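> here's my sequence, what's the structure:
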Amino acid sequence: MACTTATTTPTTTWSFLILPFLLYLDIINRGVNGAMISACLKKQKKSLDIKCPTGSMVQILRSFYGYSPNGSCHYNPDENNCTLDEEQNYPCIGQDTCSINLPSGNVGRMTNKCNNTNSNYFQVEYKCVKEEYTQDLCKKRYTTEQSGYISTPRYPKNLHGPFTCNMDIKVLPHQKIYLHIIDLDLKEKKGSNCTDYLYIDQKLTSITLCGRRSNDRIEIFHNEMKIKLTVGSKGSHKGLWLYYEAFPPLPTTSTITYEEDTNPTSTSTSLDVKETTTYMRSTIKVSMRNVHDSQTQKEQEKEDSMIFVAAVASGVIGTLVFILIGLLALLVFKIQKERRKKEIYISSTGRNLNLNHKSKTQTICNCGTFDV
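Residues are numbered from 1 along each chain as shown. Just a heads-up that it's a prediction; the model follows:
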């Protein structure tokens, strides 16, 4: 749950596999004011006081001690800061105001990363979440939203049992779920059983939680999660406040404005963060253009393939025609040659016959002359 207050990271754009969902979903507006407040310990300031607008709840993201070599009263990423997280369940979580006591003296807890140097400032990072953005666990049984806050009825006021509530959360098939426990305030376990408990079903395994905890994250390795809250009776416990988010997230856009308080005893940087999760038409146009370009490319490839086949076929046909013409030429040449041979044979045969006839005639003539 830890985060820095001066940056937001827009997620990268997903491919057109989610195009049907982009066409279906419009704009989801989640108004959240985030800020950080800090103080130097040597200033003898007794507490850090957080106040959210009416109708909002304080969500503590992170609290930590820090050491600044330059004596800064807040975390500076440009310095070689050493920090030590404060694991604390603040009762004011969920209220519209919160006062966090600072340690007495001029120094805080030692930070191991800086050779056990005593910290010289304390910092709290938080959000002011509008109550209207938190869903009642007992009123909504099923949701497919990408993220959202969930709380028990009357939160942060005490629970009124007995009752049992269920909610099913399902996101896209390629996603998993991160469940952030902002505040869990139920009865402590008695013996081996919890009388008031939160049951989390994640298909292959399940988790049962009770007692006190905050700023804890559970990773659900499926796109579906079932949660069940069982409360046995009335008590002095607030219940729970949860936040879930699908991962990897879908495209988002964020707008941030900064307001800095230059109080010499404390440093407070306020961020008016209005996160607008927008399945934007421009994204849809880009996706559709990608589809069109892909189809055009396929058609071009098909046309090129047909041209190549036609060229090959033309080459083959041309070669066959050339061979046929050559064979016809050879055939004509052979026929002419045979005809010429035949003519020469006939001509020579005729001359031989004439010579024989003349020879016989001369013989006969000679014989007749002798008899007389």
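> now stretch 103-111: mean pLDDT?
Stretch 103-111 carries an average pLDDT of 70.
> next one: stretch 159-170
For stretch 159-170, mean pLDDT is 93.
> name the residues that touch it?
Applying Cβ atoms under 8 Å, 6 or more residues apart in numbering, the contact partners of stretch 159-170 are 137-138, 140-144, 150, 152-154, 177, 196, 223-235, 237-239, 244. Placement of C-beta: from N, CA and C, glycine included.
> show me what counts as buried in it.
Within stretch 159-170, the residues scored as buried using 16 or more other Cβ atoms under 10 Å are 159, 161, 165, 167, 169-170.
> distance of the residue lying closest to residue 150 once chain neighbours are set aside from residue 200?
In space, and not counting its chain neighbours, residue 150 is closest to residue 242: 4.5 Å by Cβ to Cβ, 6 or more residues apart in numbering. According to Cβ to Cβ, to the nearest Å, residue 242 stands 10 Å off from residue 200.
> joint contacts of the two?
With Cβ under 8 Å, 6+ apart, residue 242 and residue 200 have common neighbours 179, 227.
> can you report phi and psi for residue 341?
Dihedral pair for residue 341: phi -60, psi -40, per degrees, to the nearest 10.
> ignore the last one, residue 171
Main-chain dihedrals, residue 171, degrees, to the nearest 10: phi -120, psi -170.
> help me confirm that residue 73 is found in a strand?
No - using DSSP: H, G, I helix; E, B strand; the rest coil, the assignment for residue 73 is coil, not a strand.
> name the nearest residue to it, ignoring sequence neighbours.
Among residues not flanking residue 73 along the chain, residue 40 sits closest, at 4.0 Å (Cβ to Cβ, 6+ apart).
> tell me, how many residues neighbour the one you found?
Look at residue 40: counted by other Cβ atoms under 10 Å, it has 21 neighbours.
> my guess is it contacts residue 67. True?
No - at 11.2 Å, residue 40 and residue 67 do not qualify as touching, with contact defined as Cβ atoms under 8 Å.
> got any residues that touch both of these two?
When contacts are counted by Cβ under 8 Å, 6+ apart, residue 40 and residue 67 are jointly contacted by 120-121.
> low-confidence ranges in the stretch 151-300 of the chain?
252-300 (pLDDT under 70).
> what does residue 43 show for phi and psi?
Dihedral angles (degrees, to the nearest 10) for residue 43: phi -80, psi 0.
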